[in-house]
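A.B. asks: give me a model of this one.
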Amino acid sequence: MKSKALIYTDGSCHTQLCVGAWAAIILVDDKKITLSGKEFDTTHNRMEILAVIHSILHVKNNFNETKSIHIVSDSQYVVGLMGRRSKFIAGKFQTKSGNDIRNKDLVKEFFDLVSVMDVRFEKIKAHQKATEVINYNIEADKICRQLVRESVKERM
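C.D. replies: Down below sits the predicted model:
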């Protein structure tokens, strides 16, 4: 039987300083793996999509038997990409005015990754309150916020 991965992702960005962070919590084969990273000269949406890209790559490269991924995200941008996939591809990743879409590089990489694996997305509400039930989205959010705070301090 092929294993499945459950992934919680989040991204955050300090908009004035353009420093951001992303985090992913991967649950697969009774393991919990936490990935995270920081970026400079970035945006919130780039951080959200990077969390998904890094998590899919990690599963693909480290869990060969895993062919199904369920990604839980509070990002409407990320979750909505699949619905705009055919439009972006047909338009060669350009806007009506002929400019490249925002985050073209990451959107193309995202589509390449989701085309080789069975990936399903679930949109959840952002910044939920903690309850007795473990909510890994809250944990991913806390990791991102902490990394952004560290990046802001580094810049000051």
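
A.B. asks: now do the end-to-end distance for stretch 87-100.
C.D. replies: 13 Å (Cα to Cα, to the nearest Å).

A.B. asks: which of the residues in it are buried?
C.D. replies: 88, 93 (16 or more other Cβ atoms under 10 Å). Yep, even glycine has a C-beta here, placed from its N, CA and C like the rest.

A.B. asks: for that stretch, what is the average pLDDT?
C.D. replies: Per-residue pLDDT values over stretch 87-100 give a mean of 95.

A.B. asks: what residues does it touch?
C.D. replies: For stretch 87-100, the external contacting residues (Cβ atoms under 8 Å, 6 or more residues apart in numbering) are 101, 104, 107-108, 111.

A.B. asks: where along the chain do the helices fall?
C.D. replies: In the chain, the segments counted as helices under DSSP state H are 44-62, 76-90, 104-116, 136-155.

A.B. asks: now the contacts of stretch 87-100 as TSV including distance to Gly83?
C.D. replies: Shown next, in TSV, are these (distance: Cβ to Cβ, whole Å):
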residue	distance to Gly83
Ile101	14
Lys104	17
Val107	13
Lys108	16
Phe111	12
